[in-house]
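1. the amino acid sequence is not available; the structure is as follows:
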């Protein structure tokens, strides 16, 4: 067996010491990383706890707001129901009052319509008597008729008559179409004269 020299023993011890120190450094680094991880985890837990508390406060606030809105809505509905009930009562009282006075109003309306009907009948009888009086007066004192009769139907070709009416041309055209004849209207010194030409 070869005995190791002093330098080799020292080198081996130095290597062991270096390995030990390296392990210590690694352990310290791991401890630092572990402490940092634990610190981060604690921070995250604190943040989560604060967020949870904040969410709980917000939920409680929302519940209070919903309860307040529901209470206000219930109050409003109760007021509306009370107003509707009062309105129904007022309408019922008005209908009862109207029904109580209905017979009197009907009697007044019937009397009014009867008076109006009698007045109209009296006016119609007065107008009828006036027409009868005028008709009797005309029968007793006949006047000349204002209606002019022209011999459209009995005229032969070449016949003529004198007509001093303003619409004789229109009448000649209409009578010609009606009787199937042709008439001509000319202005003469005596006035408008109508000839049958066909």
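-> That came through fine. Since the model is a prediction, treat every value here as computed from it, not as a measurement.
2. residue boundaries of the helices in the chain?
-> Remark: helices assigned in the chain by DSSP state H are 6-100, 102-140, 168-179.
3. mean neighbour count, distance to residue 188 and mean pLDDT added to the ones you listed, as TSV?
-> In this view, the C-beta of every residue, glycine as well, is placed from N, C-alpha and C. Listed next are those as TSV, based on neighbours: other CB atoms under 10 Å; distance: least, CB to CB, whole Å; pLDDT from 0 to 100:
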stretch	mean neighbour count	distance to residue 188	mean pLDDT
helix 6-100	10	81	88
helix 102-140	10	36	87
helix 168-179	15	12	92
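4. relative to residue 160, which of these is closest?
-> The closest of the helices of the chain to residue 160 is helix 168-179. By CB to CB, the value is 11.3 Å.
5. now for the closest one, which elements pack on it?
-> The contact analysis (3 or more CB pairs under 8 Å, 6 or more residues apart in numbering; DSSP states H and E) places helix 168-179 against strand 183-188, strand 191-196.
6. most packed of those?
-> Comparing these by mean neighbour count (mean count of other CB atoms under 10 Å), strand 191-196 comes out on top with a mean of 17.
7. next one: that strand to chain centre, how far?
-> Strand 191-196 sits 68 Å away from the centroid of its parent chain (CA atoms, centre = their mean, to the nearest Å).
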